[in-house]
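S.K.: Quick one: sequence plus predicted model below, questions after.
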Amino acid sequence: AQKVTQAQTEISVVEKEDVTLDCVYETRDTTYYLFWYKQPPSGELVFLIRRNSFDEQNEISGRYSWNFQKSTSSFNFTITASQVVDSAVYFCALRGTGGFKTIFGAGTRLFVKA
Amino acid sequence: DVKVTQSSRYLVKRTGEKVFLECVQDMDHENMFWYRQDPGLGLRLIYFSYDVKMKEKGDIPEGYSVSREKKERFSLILESASTNQTSMYLCASSPPGLANGELFFGEGSRLTVL
């Protein structure tokens, strides 16, 4: 069975702090894809990044960075110098071979205070 | 700007009523999905469709049905609404043939069943 665990339900930080959102996944597939989505207060989930199981390179996009480690089945997301606009619910997700079903974690609600 | 549009942002219905949630996408995507989002549970897949008139059950299909008569439109139907179906419903679409393709989401429909 496939599973995504986001153990942090809520995180509260002060603006300019760095914050890491944890994601641990389970799958028996050898080929799979990992995603992060952001859900701002407006409600619409927005795609942030995807990673396939064969690409363990970390990625940085502006203040966002992602650390994929197959050895620990983790795909963690770090926001550097957080801003109030980063306040949202963040979801980690997994799609295995076979393609249609995307499994989501429970989400982590991030509050960034000014 | 590409979009997934859900017909109603907020609905209030009574127990036993038949409820239709409509979703339209303008990206010519083959795949469409209905998820429900509940606190602490993340997003759970109700039904998906990979082609017109085709549908597949997701993880929690009980109490729901779907209709896909046209490529751009995917409807979720609650035949007899119950209070435990009070939730946020999210529609999504994705292009065909890309197992790593991200999902494009609508803004969600928050349903309250009294």
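M.R.: Perfect, thanks for sending it.

S.K.: Quick check: phi and psi at B:Leu11.
M.R.: phi -140, psi 140 (degrees, to the nearest 10).

S.K.: what's the answer for the one 4 residues further on, then?
M.R.: Here the main-chain torsion angles of B:Thr15 (degrees, to the nearest 10) amount to phi -50, psi 130.

S.K.: ok, A:Gln2 - contacts?
M.R.: A:Tyr25, A:Glu26, A:Thr27, A:Arg28, A:Asp29, A:Leu94, A:Gly96, A:Ile103 (CB atoms under 8 Å, 6 or more residues apart in numbering or on different chains). Backbone N, C-alpha and C define where each C-beta goes, glycine included.

S.K.: Report how many residues lie close to the fourth one.
M.R.: Just to be clear, that refers to A:Arg28. A count of nearby residues for A:Arg28, using other CB atoms under 10 Å in any protein chain shown, gives 9.

S.K.: Same check on the third one?
M.R.: Neighbours of A:Thr27 under the rule other CB under 10 Å: 19.

S.K.: how close does the residue nearest to it when sequence neighbours are not counted sit to B:Gly40?
M.R.: Of all residues not flanking A:Thr27 in the chain, A:Gln2 sits nearest, at 4.7 Å (CB to CB, 6 or more residues apart in numbering or on different chains). Distance, A:Gln2 to B:Gly40, using CB to CB, to the nearest Å: 19 Å.

S.K.: If we look just around chain A, which residues of chain B are in range?
M.R.: B:9, B:31, B:33, B:35, B:40-45, B:48, B:50, B:56, B:58-59, B:88, B:90, B:92, B:99-100, B:102-108 (CB under 8 Å from any CB of the partner chain).

S.K.: Take those and keep only those in strands.
M.R.: Per DSSP state E, strands hold the following members of the residues of chain B next to chain A: B:31, B:33, B:35, B:42-45, B:48, B:56, B:88, B:90, B:92, B:104-105.

S.K.: In a strand, B:Asn84, correct?
M.R.: No. Read with DSSP: H, G, I helix; E, B strand; the rest coil, B:Asn84 is helix and lies in no strand.

S.K.: hang on, the earlier thing: show me the two of the contacts of A:Gln2 that sit farthest apart.
M.R.: A:Arg28 and A:Ile103 (12.8 Å; CB to CB).

S.K.: Tell me which stretches of chain A form strands.
M.R.: A:3-5, A:10-14, A:19-21, A:24-26, A:32-39, A:46-52, A:59-61, A:64-69, A:74-79, A:88-96, A:102-104, A:108-113.

S.K.: Now for the ones in strands among the residues of chain B next to chain A: which two are most distant?
M.R.: B:Glu56 and B:Met88 (21.8 Å).

S.K.: Looking at these two now, which is surrounded by more residues?
M.R.: Counted by other CB under 10 Å, B:Glu56 and B:Met88 do not tie: B:Met88 has more neighbours, with 17 against 14.

S.K.: Drop the exposed ones from the contacts of A:Gln2 and show what's left.
M.R.: A:Tyr25, A:Thr27, A:Leu94, A:Gly96, A:Ile103 (16 or more other CB atoms under 10 Å in any protein chain shown).
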